[in-house]
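Chemist: My questions are about this predicted structure, shown below with the sequence.
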Amino acid sequence: VVTIHTCNKEPHPTNQPNLANTKMKFFSFMTMMVAGLTVPSVAAVDCNACDDDCEWHRVDCHAKRALCKSTAGTFEVITDSIEAACANDPSRMEARGLISEAKDLLVSKNLFSRSEVDSVEYRFCSYLGDFAGGMAPSKGKVLLHTDYVSSSKSDLAHLLSHELTHTRQYHRWGTDGFNCRYAEALASGNGFGKSNRIEKEAYDFDEGAQKCIYNDIGCPTKKLRNYHGGCDSVHKSRTPECVSAMNRFCNEKCTHCGGVSQEVGNGVFGVACFASNAHIVYLQDLQTHHSSCHAGASQSNECASAIHRWCGANGHGSVGIAQELGSDHFLLRCFGATWYGDVSIQDLRNQHHGCDNVGKGNTADCVSAMHRWCGANNKGTQGLAQELGNGVIGVACFDSEWYGDVAV
């Protein structure tokens with residue numbers, strides 16, 4: 001919950017807290033608070049019991065759950081008092097842009113997912129400034145030292161890497177389970193440093209995050225199969241499973257983004273994340289635009305044409321692609337092209353020899369060819385097939401918000 005935050009970088013003398021005084025003041029304050037509370041015998045507490053669904057006749061279960069919740073309540077007195085003191089702090093809503101930048105940095109480094117950083121409220125608190133660098137008093141809130149209002153995004157991201165580890169713990173154990181464990185650690189005399197096993201996990205994580213944030217060393221590598229288990233081979237770049245995986249990956253890279261492969265490498269896809277609008281469209285509506293578009297064939301030439309026509313007919317843009325597949329519907333993403341027109345199969349074959357007939361318009365070979373053709377002709381940074389013609393493919397060139405290699 002508590003971060004007495006340090007890093008290897010030289011702190012800005014006016015922006016960073018006096019960590020020695022901060023630690024002493026905070027430890028003295030929290031020790032005083034804990035001393036005034038009654039914590040049950042540590043040996044008797046089962047902190048896994050807080051959320052047990054006890055049958056009525058299991059007296060031992062009910063007793064364990066009651067003891068767990070009672071222990072949790074002792075620590076909640078502390079967190080509630082600090083959260084209440086910070087609730088109306090005049091600085092609480094400052095530096096929203098800096099917080100967004102720090103969140104984006106954590107996501108870009110694969111330290112946290114977009115949903116993790118966006119599911120938390122961030123508030124600055126001058127009262128907390130007398131005690132600690134940061135605090136996660138509850139599952140959905142992080143309090144930040146006011147001196148971080150003028151910090152760099154890297155320094156703030158480093159602080160958040162610690163506090164968001166605590167939010168993961170809240171989700172893992174539940175609020176009562178977390179509070180019980182923290183009270184138990186304090187009652188055992190383990191303080192707020194690495195002797196406290198709850199804090200040790202957060203400190204261990206933020207030490208690794210520090211190297212990643214400042215030096216780009218040891219950053220986690222997320223694989224596409226983590227987003228969809230069916231995306232487990234480089235030969236599946238144009239399958240519904242891998243397109244879904246890329247959509248989910250790009251959801252975390254940028255707001256309102258979808259994803260599509262452009263190149264296939266050694267164990268990786270070259271993935272383009274593009275800004276777009278998402279729409280759930282039923283198959284019967286798509287079939288009015290191309291009758292041969294059917295369930296399970298979301299990446300087929302026929303469905304590409306149907307989706308292209310649906311997006312255009314409904315005023316959503318000149319380019320469309322299915323990203324997720326339901327039993328009777330697709331999740332589509334529609335967006336605007338920087339250029340659209342017919343490109344001969346010969347010109348595309350010059351870019352990738354495997355793109356040698358129009359029937360391959362939505363295969364990995366032809367997607368690579370279109371990607372290269374669009375770039376070589378300054379039409380856009382990425383490319384997709386939308387229609388098939390007589391010896392030509394209707395190619396949409398577009399610009400991506402992000403492009404890079406992603407491991408399968």
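Modeler: Received the coordinates, thanks.
Chemist: did I read that right, Ala306 in a helix?
Modeler: Yes. Counting by DSSP: H, G, I helix; E, B strand; the rest coil, Ala306 falls inside a helix.
Chemist: how far away is it from Arg238?
Modeler: 16 Å (CB to CB, to the nearest Å). To be clear about C-beta, it is placed using only N, CA and C from the backbone, and glycine gets the same treatment.
Chemist: The two: who's more crowded?
Modeler: Each of Ala306 and Arg238 has its neighbours counted (other CB atoms under 10 Å); Ala306 has more, 28 against 18.
Chemist: Could I get the full set of strands for the stretch 201-350 of the chain?
Modeler: 257-264, 268-275, 277-282, 319-325, 329-335, 339-344 (DSSP state E, counting those that start in this stretch).
Chemist: quick one: the first one to chain centroid distance?
Modeler: Remark: strand 257-264 is offset 18 Å from the chain centroid, using CA atoms, centre = their mean, to the nearest Å.
Chemist: go on, the fourth one?
Modeler: Relative to its parent chain, strand 319-325 has a centroid offset of 21 Å by CA atoms, centre = their mean.
Chemist: quick one: strands adjacent to that strand?
Modeler: Sheet pairing for strand 319-325, assigned by DSSP bridges, gives strand 329-335 (antiparallel).
Chemist: what's the partner strand in contact with?
Modeler: The contact list for strand 329-335 (CB atoms under 8 Å, 6 or more residues apart in numbering) reads 247, 258, 274-283, 286, 298, 303, 307, 310-311, 314, 316-317, 319-325, 398.
Chemist: To Lys64, which of the strands of the stretch 201-350 of the chain lies closest?
Modeler: Lys64 sits nearest to strand 319-325 of all the strands of the stretch 201-350 of the chain, at 42.7 Å, using CB to CB.
Chemist: Output the closest one as PDB, nothing but the C-alphas.
Modeler: Only the C-alpha atoms of strand 319-325 are listed here, as PDB (Å, rounded to 0.1, in the frame of the first residue of the first chain):
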ATOM      1  CA  VAL A 319     -12.000   0.500 -45.000                       C
ATOM      2  CA  GLY A 320     -13.400  -2.400 -42.900                       C
ATOM      3  CA  ILE A 321     -12.100  -5.600 -41.300                       C
ATOM      4  CA  ALA A 322     -13.600  -8.200 -39.000                       C
ATOM      5  CA  GLN A 323     -11.800  -8.300 -35.600                       C
ATOM      6  CA  GLU A 324     -13.900 -10.700 -33.500                       C
ATOM      7  CA  LEU A 325     -16.200 -13.500 -34.400                       C
END
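Chemist: just checking, Cys61 touches Asp51?
Modeler: No. Between Cys61 and Asp51 there is no contact under CB atoms under 8 Å: 11.4 Å.
Chemist: one step back: quick one, which of the contacts of strand 329-335 are buried?
Modeler: Burial by neighbour count, 16 or more other CB atoms under 10 Å: within these this picks out 247, 258, 274-276, 278-279, 281, 283, 286, 298, 303, 307, 310-311, 316-317, 319-325, 398.
Chemist: Number of residues surrounding Ala209?
Modeler: When neighbours are defined as other CB under 10 Å, Ala209 has 25 of them.
Chemist: cool, Asp60 as well?
Modeler: Neighbourhood size, Asp60 [other CB under 10 Å]: 9.
Chemist: If I look at it, what pLDDT would I see?
Modeler: Looking at Asp60, its pLDDT stands at 79.
Chemist: returning to that earlier point: between Cys61 and Asp51, point out the one with more neighbours.
Modeler: Between Cys61 and Asp51, counted using other CB under 10 Å, the more crowded position is Cys61 (16 against 13).
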